[in-house]
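Asker: Mind folding the following:
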Amino acid sequence: MQFTEYGRGGFVSGTFGYCSTLKYAKVDVYFFGEILMELITGEPSSDHDGVKIAEWAQPVIGMSLFRKDYSFIDEKLKEKLNENELIRMSRCALACVHCYPDHRPQMSQVVEVLAGNALPDTLK
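Answerer: Presented below is the predicted three-dimensional model:
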């Protein structure tokens, strides 16, 4: 996207990987969840076939957390994150991309969990 395309009203131009198909109030939370998934996995928001990261990463991350198998994590992060940080980030990402917008947490809740001030179980 060129700089001159910013500010155009009426349609979205640029990277469509960040566009949620759900047009509800908590779209910003959904976007943040996608970004967290990108950071955790090191993968782009959508692949060449247009498959969004939330579609494939949600079941992978969920099952991996259950099994305590963290093979989904980006190699660059493996040495930098401890297990608790990884779990907090992953649980926040999963909550943010919930298929029902009403079940997504508020950003303030996500911030508290990521900061370590609240448990991931407090997310919606």
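Asker: which residue is nearest the centroid of this structure?
Answerer: Gly33 (2.1 Å; Cα atoms, centre = their mean).
Asker: Next, find the distance separating that residue from Ser108.
Answerer: Gly33 sits 15 Å away from Ser108, going by Cβ to Cβ, to the nearest Å. Every C-beta, even on glycine, is put in place using the N, C-alpha and C of the backbone.
Asker: and if you look at Tyr70?
Answerer: From Tyr70 over to Ser108 the distance is 27 Å, taken as Cβ to Cβ.
Asker: what about the two, which has more around it?
Answerer: Tyr70 (17 against 9; other Cβ atoms under 10 Å).
Asker: Which helix or which strand is home to that one?
Answerer: According to DSSP states H and E, Tyr70 maps onto no helix or strand at all.
Asker: confidence score at it?
Answerer: Tyr70 is assigned 88 on the pLDDT scale.
Asker: check contacts around it.
Answerer: Taking Cβ atoms under 8 Å, 6 or more residues apart in numbering, we find Tyr70 in contact with 64, 78, 83, 86.
Asker: neighbouring contacts of the helix-or-strand element of the chain with minimal mean pLDDT?
Answerer: Using mean pLDDT, DSSP states H and E, helix 75-78 stands out as the lowest-scoring helix or strand of the chain, at a mean of 85. Helix 75-78 is contacted from outside by 39-40, 42, 70, 86, using Cβ under 8 Å, 6+ apart.
Asker: count of residues packed around Cys96?
Answerer: Counted with other Cβ under 10 Å, the neighbours of Cys96 add up to 26.
Asker: Next, the contact list for it, please.
Answerer: Taking Cβ under 8 Å, 6+ apart as the contact definition, Cys96 lies against 29-30, 32-34, 36, 104-105, 110.
Asker: residues in contact with the closest residue to it other than its chain neighbours?
Answerer: Nearest non-adjacent residue to Cys96, counting by Cβ to Cβ, 6 or more residues apart in numbering: Gly33, 2.6 Å away. Going by Cβ under 8 Å, 6+ apart, Gly33 touches 54, 92-97, 104.
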